[in-house]
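Asker: My questions concern the predicted model and sequence given below.
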Amino acid sequence: ELFLTDWVKRQYPNHGKGRVWRIRSKEVGYTGKAPPNVLSIHRFDSLQSLAAIRSSLQSEDPFLQTVARKQLRLKASSSLFSEWVAEPDSVLQLQTLLAALPVDGIGDSRQLESLLASPYQSVRMATLRFIAHNRRVDLLPALKKILYQVPIDAEFLDSYLACIRHIQADFIEGYTKQEDRYSRKLVRELPIGFLQNLLKDSKLPVEVRSALIPFIQQDTLDLHIWSALIVASPPNVQQALIKSVEKRSDTFIGDTLLELLRDSNSSDLVKKQILVSLAYQPKNYSKDITDWIGSANFELLPLALKYLARYKQSANEQEEIKKIVNESTDSQLKTLWEFYKGQTAGGQEEKTRAEWLSWTQQAGNPERGKWIFQDPSAQCQLCHQVNGWGGAFGPDLSHVGSSKPQEELLSAILEPSKKMSPEWQGWFVKTLEGKTFTGRQIDVGEKYVELLMANGEFQSFKKPVQFGLLNTSLMPEGLEKRMLPEEFRDLIAYLLSLK
């Protein structure tokens with residue numbers, strides 16, 4: 001029997017004050033061989049030679065690799081670490097770097113710089129971790145160069161920026177002096193203007209500049225720098241810059257986006273993003289969009305109509321829109337306009353789960369589905385992230401197409417309360433004033449309760465009257481009724497394409 005505990009000092013309502021778990025295996029007849037768990041324990045004994053350690057590091061067995069890393073720390077010298085990370089085998093490089101993390105006084109600067117440029121992302125990520133863990137300030141110039149040399153994605157960039165924060169003088173001083181009992185509470189800041197200076201660097205690859213933008217806090221981005229960048233940047237960067245200020249209410253932003261929409265040199269990608277992002281701005285641009293729509297590319301009309309449907313038009317504007325819709329060869333445009341304008345009697349007809357399922361059996365359009373996901377009326381992006389963009393109140397969907405089949409995706413949208421993961425369990429808090437708040441990731445102290453709200457911030461409640469689990473999902477029911485069946489099909493196609 002094996003006993004495990006999840007006991008913690010503080011009380012967390014998810015599991016009370018902790019439990020002791022017993023794991024028991026079924027009895028089996030004696031086979032004359034030691035059971036696998038005993039063999040695993042004695043693997044320590046077999047890893048005495050460097051040859052055996054090296055072979056184990058290169059194996060596909062994670063347990064064996066862990067044991068080998070521990071043995072390597074006990075036996076290896078600095079020269080051996082350097083020798084093994086210089087090998088062409090990326091698995092050996094990775095495992096050696098992980099083994100070297102807590103070992104002081106190793107790591108040649110030139111060698112680490114070479115590993116930062118490895119063709120294998122796993123090696124590059126481990127090198128970043130090594131540099132951060134050992135506070136290798138001497139490698140800051142190499143870190144700055146690497147953005148120009150290797151492919152960069154959001155995962156690598158997240159680790160890269162974390163590494164930069166860990167080798168700043170303020171953090172190192174606080175860590176060395178043990179200014180706080182817990183190192184995780186020490187402030188980790190990027191140098192002032194670090195991200196914005198990278199954004200302005202035209203020599204930096206477009207993909208890197210685009211990937212950097214989600215890491216900039218919206219309220220810290222200087223709008224004059226933003227407007228200058230957005231005019232001079234290629235479409236991918238323009239799109240990311242638009243999204244970076246999407247939820248920041250400012251007339252200057254809306255007016256800048258409108259001018260970019262009217263610019264004949266702007267790409268359709270950028271114009272689509274503008275039509276979605278303008279919906280977050282407080283100013284009403286419906287008259288401007290109505291004047292512009294007559295010259296718009298056909299592909300832009302659905303998004304333009306969805307924007308216009310949010311506002312009341314004058315009689316002349318309505319006639320202009322109807323003319324464009326009626327002259328279109330796409331019959332769905334008229335259906336879309338009437339649906340979003342609320343002209344369809346009773347709104348969306350009630351459909352059964354089977355009917356929604358049947359709609360998704362036909363092939364959807366992932367590209368159109370991407371814009372439906374971003375549209376505020378669908379509410380998807382308010383709680384879910386894709387590639388760093390969106391809210392963090394719900395699960396990250398960047399790779400949902402790899403983790404969930406179509407049936408599960410449909411069920412999660414049509415019946416969100418049917419299956420709720422503990423990680424995303426909803427909680428409620430009732431205050432003395434009789435108000436009820438809902439959120440997730442509840443934290444209970446002796447005199448207060450903290451709840452993670454939909455805006456991503458924790459809210460503290462002193463001595464609440466009651467708190468507990470919600471019986472329903474935090475994800476609202478009926479979201480599918482906010483869109484046409486064709487749009488629902490496209491949305492599902494988009495989610496399935498996220499690998």
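Answerer: Perfect, thanks for sending it.
Asker: ok, now how distant is the residue nearest to Ala117 when sequence neighbours are not counted from Cys163?
Answerer: Spatially, and ignoring its direct neighbours in sequence, Ala117 is nearest to Gln149 (5.4 Å; Cβ to Cβ, 6 or more residues apart in numbering). Any C-beta I mention is one placed from the backbone N, CA and C, and that applies to glycine too. Separation of Gln149 from Cys163 (Cβ to Cβ, to the nearest Å) stands at 16 Å.
Asker: low-scoring stretches of the stretch 1-150 of the chain, by residue?
Answerer: Across the stretch 1-150 of the chain, the ranges flagged by pLDDT under 70 are 1, 5-19, 26-46, 104-105.
Asker: Return the distance of the longest strand seen in the chain from the chain's centre.
Answerer: Scanning the chain for the longest strand, with DSSP state E as the assignment, gives strand 436-444. In terms of Cα atoms, centre = their mean, to the nearest Å, the centre of strand 436-444 is set 22 Å apart from its chain centre.
Asker: so what does it touch, helix or strand wise?
Answerer: strand 426-430, strand 448-452, strand 458-462 (3 or more Cβ pairs under 8 Å, 6 or more residues apart in numbering; DSSP states H and E).
Asker: Between those, which one is closest to Asn471.
Answerer: strand 426-430 (8.7 Å; Cβ to Cβ).
Asker: Can you tell me what sits against the closest one?
Answerer: 13, 420, 436-442, 449, 451, 461, 464-470, 472-474 (Cβ atoms under 8 Å, 6 or more residues apart in numbering).
Asker: And stretch 208-217, by the same measure?
Answerer: Contacts of stretch 208-217 (Cβ under 8 Å, 6+ apart): 147-148, 152-154, 157-158, 161, 195-196, 198-199, 201, 233, 236-237, 239-241, 243-244, 387-389.
Asker: For Lys243, pull up the helix or strand it's in.
Answerer: Counting by DSSP states H and E, the element that carries Lys243 is helix 235-244.
Asker: er, Phe3 actually
Answerer: Using DSSP H and E, the element containing Phe3 is strand 2-5.
Asker: Can you pull the phi/psi pair for Glu407?
Answerer: phi -60, psi -40 (degrees, to the nearest 10).
Asker: Do a quick rundown of the helices in the stretch 201-350 of the chain.
Answerer: With DSSP state H, counting those that start in this stretch as the criterion, the stretch 201-350 of the chain has helices at 206-212, 223-232, 235-244, 251-262, 268-277, 286-293, 301-308, 315-327, 331-340.
Asker: where does Val208 land on pLDDT?
Answerer: pLDDT recorded at Val208 is 85.
Asker: hang on, the earlier thing: let me know which of the helices and strands packed on strand 436-444 is the nearest to Tyr120.
Answerer: Across the helices and strands packed on strand 436-444, closest to Tyr120 is strand 448-452 (Cβ to Cβ), at 36.0 Å.
Asker: Give me the contacts around stretch 159-167.
Answerer: 125, 128-129, 131-133, 135-137, 139-140, 143, 146-147, 152, 171, 188-191, 194, 215.
Asker: ok, now stretch 90-107?
Answerer: Contacts for stretch 90-107 (Cβ under 8 Å, 6+ apart): 54, 57-58, 65, 68-70, 72-73, 76, 78, 81-82, 84-85, 87, 115, 118, 120, 122-123, 126-127, 129-130, 133-134, 136.
Asker: Just the buried subset of these, please.
Answerer: Among those, those classed as buried by 16 or more other Cβ atoms under 10 Å are 54, 57, 65, 68-69, 72, 76, 81-82, 84-85, 115, 118, 123, 126-127, 129-130, 134, 136.
Asker: Inside strands: which ones of those residues?
Answerer: Going by DSSP E, the strands hold none of those.
Asker: Surely Ser56 touches Gln65?
Answerer: Yes - Ser56 lies in contact with Gln65 (Cβ atoms under 8 Å); the separation is 6.5 Å.
Asker: re earlier: just the buried residues of the contacts of stretch 159-167.
Answerer: Buried among those (16+ other Cβ under 10 Å): 125, 128-129, 131-132, 136, 139, 143, 146-147, 152, 171, 188, 194, 215.
Asker: So which of these belong to helices?
Answerer: Counting by DSSP state H, these place Met125, Leu128, Arg129, Ile131, Ala132, Leu143, Ile146, Phe171, Phe194 in helices.
Asker: Nearest to Lys287, out of the residues you listed: which one, please.
Answerer: Once Cβ to Cβ is applied, the member of those that ends up nearest Lys287 is Phe194, at 41.0 Å.
Asker: what's near enough to touch the closest one?
Answerer: Per Cβ under 8 Å, 6+ apart, neighbours of Phe194: Ile164.
Asker: From Gln168, how far out is it?
Answerer: Phe194 is 10 Å from Gln168, by Cβ to Cβ.
Asker: Could you do Glu317 as well?
Answerer: From Glu317 to Gln168 the distance is 54 Å (Cβ to Cβ).
Asker: With Leu139 instead?
Answerer: 13 Å.
Asker: Likewise for Gly456?
Answerer: 25 Å.
Asker: between these two, who's got more neighbours?
Answerer: Shown here are Gly456 and Gln168; by other Cβ atoms under 10 Å, Gln168 has more neighbours (19 against 10).
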